[in-house]
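Peer 1: Below are the sequence and a predicted model; questions follow.
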Amino acid sequence: MARLLFVAPILALSIMPVYYLFLKGPPSLPDLDTNEWWGPEKLKEKPDTSIKPFKISFDDMVVKDLKDRLKMSRSFTPPLEGVAFEYGFNTAQLDSWTKYWANEYKFKERETFLNQYPQFKTNIQGLDIHFIRVTPKAAVRPGLGAPQVAVVMKNLMKRLGYKKFYLQGGDWGSLIGSNMVTLFPDVSIGLSDSPTGLLAYILEKFSTWTRPEHRQKPDGGLTFRFSKDQLLDNLMFYWAPKSITTSMRLYSETFNSKVMGMKLDEIPTTAPVWVAQAKYEMAYQPPFLLRLKFKNLVGVTVLDDGGHFLAFELPKVFSEDVLKALGEFRKVAKKNVKTDL
């Protein structure tokens, strides 16, 4: 009897994955309002739908305020002896980074560098969307999670005049992209007042999410693939427009019972998909699992290098794989056209 009681739970645990992966039907597609308004109500009656040129600006007041905050930082709690980045950003490294940001980072030169490509702003559903277009305002209402951002991005492409388009995403972009091809499969053919705290929070991710062994390096291996200016450029995108708070809201608005209850990850999509998997990415999904979600998985590239920030870390490898994927997508599209005829 005892043996029977022991075997029953094991059998149940063995059957559950089979049921979940192969026998359970997908949930229904959620009914999302594709025109839901996320901005101030006073702007809703006469929304501005124009597309305006935009340039990043590190004005003198912003730069002076940032430098003052960096120079007036309190002394940091010393790290534990013999510890590198295992407990997060090593405070022994913070002083050199804050001094570089305050004294050596050339704000005007970096501003010019970041403005080298044409940039624009347009208001979609009450949100000021900043985008870069290269040819070969924050939400005031709760609820703007990854599925809703997918709707906003689809509407941005619609405003730009594209009925069909390719999309690529990493980190949050991969989740939003997955939601886009699930909700709209036919449109695709393929810490605000502490600069030191912001630096420690974000740069720790560039350390440990690039290579796990960087946790054991005193400097976190931050300059293994990135320059100090490149990493501080990234911080300025959060600091200058005061966008770190609104960017963090995406976590709360996505990982909650309402959005998780939509079960978008369980709904298959037929849009063509290509997946690039970096060697040091935090999670790995074998092709058979990917195909449960992406029914038209055109290809998978398994790289022998790279981490979570692949496009930033290995831009040449990344761009070559994107172009390879686009070539395969076009082959699939041509094949489908011939089949339809």
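Peer 2: Noted; the coordinates are in hand. Numbers count the residues shown, from 1 in each chain.

Peer 1: Would you map the helices across the stretch 101-250 of the chain?
Peer 2: 107-114, 146-159, 172-183, 195-208, 228-239, 244-254 (DSSP state H, counting those that start in this stretch).

Peer 1: Can you tell me which of these is nearest to residue 305?
Peer 2: For the helices of the stretch 101-250 of the chain, proximity to residue 305 was assessed by Cβ to Cβ; helix 195-208 is nearest, at 15.8 Å. No exception for glycine: its C-beta is placed from N, CA and C like everyone else's.

Peer 1: Now do the buried residues in that closest one.
Peer 2: 195, 196, 198, 199, 200, 201, 202, 203, 204, 206, 207, 208 (16 or more other Cβ atoms under 10 Å).

Peer 1: outside of it, which residues touch it?
Peer 2: 66, 69-70, 73, 85, 88-89, 91, 94, 97-98, 101, 191-192, 214-215, 217, 220-222, 226, 231, 234-235, 238-239, 244, 308-309 (Cβ atoms under 8 Å, 6 or more residues apart in numbering).

Peer 1: let's go with 7 Å and repeat that
Peer 2: 66, 69-70, 73, 85, 88-89, 94, 97-98, 191, 214-215, 220-222, 226, 231, 234-235, 238-239, 244, 309 (Cβ atoms under 7 Å, 6 or more residues apart in numbering).

Peer 1: how near is the residue nearest to residue 94 when sequence neighbours are not counted to residue 202?
Peer 2: Among residues not flanking residue 94 along the chain, residue 76 sits closest, at 5.4 Å (Cβ to Cβ, 6 or more residues apart in numbering). Between residue 76 and residue 202 the distance is 17 Å, computed by Cβ to Cβ, to the nearest Å.

Peer 1: quick one: low-confidence ranges for the stretch 1-150 of the chain?
Peer 2: 1-24, 135-149 (pLDDT under 70).

Peer 1: ok so, going back, pretty sure the residue nearest to residue 94 sits in a helix.
Peer 2: No - inclusion of residue 76 in a helix is not indicated when DSSP: H, G, I helix; E, B strand; the rest coil is applied; the result is coil.

Peer 1: Run a quick neighbour tally on it.
Peer 2: 16 (other Cβ atoms under 10 Å).

Peer 1: any idea how far residue 295 is from it?
Peer 2: Using Cβ to Cβ, residue 76 is found at 51 Å from residue 295.

Peer 1: Now, of the contacts of helix 195-208, which are buried?
Peer 2: Buried members of the contacts of helix 195-208, counted by 16+ other Cβ under 10 Å: 66, 69-70, 85, 89, 94, 97-98, 191, 214-215, 220-222, 226, 231, 234-235, 238-239, 244, 309.

Peer 1: Return the closest of the buried residues of helix 195-208 with respect to residue 327.
Peer 2: Of all these, residue 327 sits closest to residue 206, with 30.9 Å by Cβ to Cβ.

Peer 1: Need the per-residue pLDDT for that closest one.
Peer 2: In this model, residue 206 is scored at 86, pLDDT.

Peer 1: Make 31 the starting number, not 1.
Peer 2: Fine by me, first position is 31 from now on; the one you just mentioned is residue 236.

Peer 1: Can you tell me how far it is from residue 302?
Peer 2: 31 Å.
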